[in-house]
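K.L.:
have a look; sequence and predicted model below, questions after that.
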Amino acid sequence: MALSDDLPDTAQELRSVKGLKIEPLTKQAAVLLEHGRPHETLQGLLQRLENNMSKNQMAERLGISKATLYEWLKE
């Protein structure tokens, strides 16, 4: 497979490349890859969700415990 000059810029976009599998290294990376917008940081994702959801809803949507959510919010 030859690399093209017009490869996608983000991990989310790379997931659409046929034959390429992207595996996140951490739970935070997995959540960001699944729920984040292109070029969004984990803190940006959490802030965006926090504007519209309760902590319980956020934890459920992201598939993490509330304790983990509170840890991530402190970072």
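P.N.:
All right, it came through fine.
K.L.:
element containing the residue sitting nearest the centre point of the chain?
P.N.:
Among the residues of the chain, the one closest to the centroid is residue 32, at 0.9 Å (Cα atoms, centre = their mean). Take DSSP states H and E as the rule and residue 32 turns out to sit in helix 27-35.
K.L.:
contacts for that helix?
P.N.:
11-12, 15, 22, 24, 40-42, 45, 49, 61-64, 68, 72 (Cβ atoms under 8 Å, 6 or more residues apart in numbering). C-beta: built from backbone N, CA, C; applies to glycine.
K.L.:
what residues sit buried inside that helix?
P.N.:
28, 31, 32, 33, 35 (16 or more other Cβ atoms under 10 Å).
K.L.:
just to revisit the earlier point, if you rank the contacts of helix 27-35 by neighbours, which is first?
P.N.:
residue 62 (22 neighbours; other Cβ atoms under 10 Å).
K.L.:
contacts only, for that one.
P.N.:
31, 35, 49, 69.
K.L.:
again, only using 7 Å
P.N.:
By Cβ atoms under 7 Å, 6 or more residues apart in numbering, residue 62 lies in contact with 31, 35.
K.L.:
and if you look at residue 50?
P.N.:
With Cβ under 7 Å, 6+ apart, residue 50 has these contacts: residue 58.
K.L.:
how about a cut-off of 10 Å?
P.N.:
57, 58, 69, 73 (Cβ atoms under 10 Å, 6 or more residues apart in numbering).
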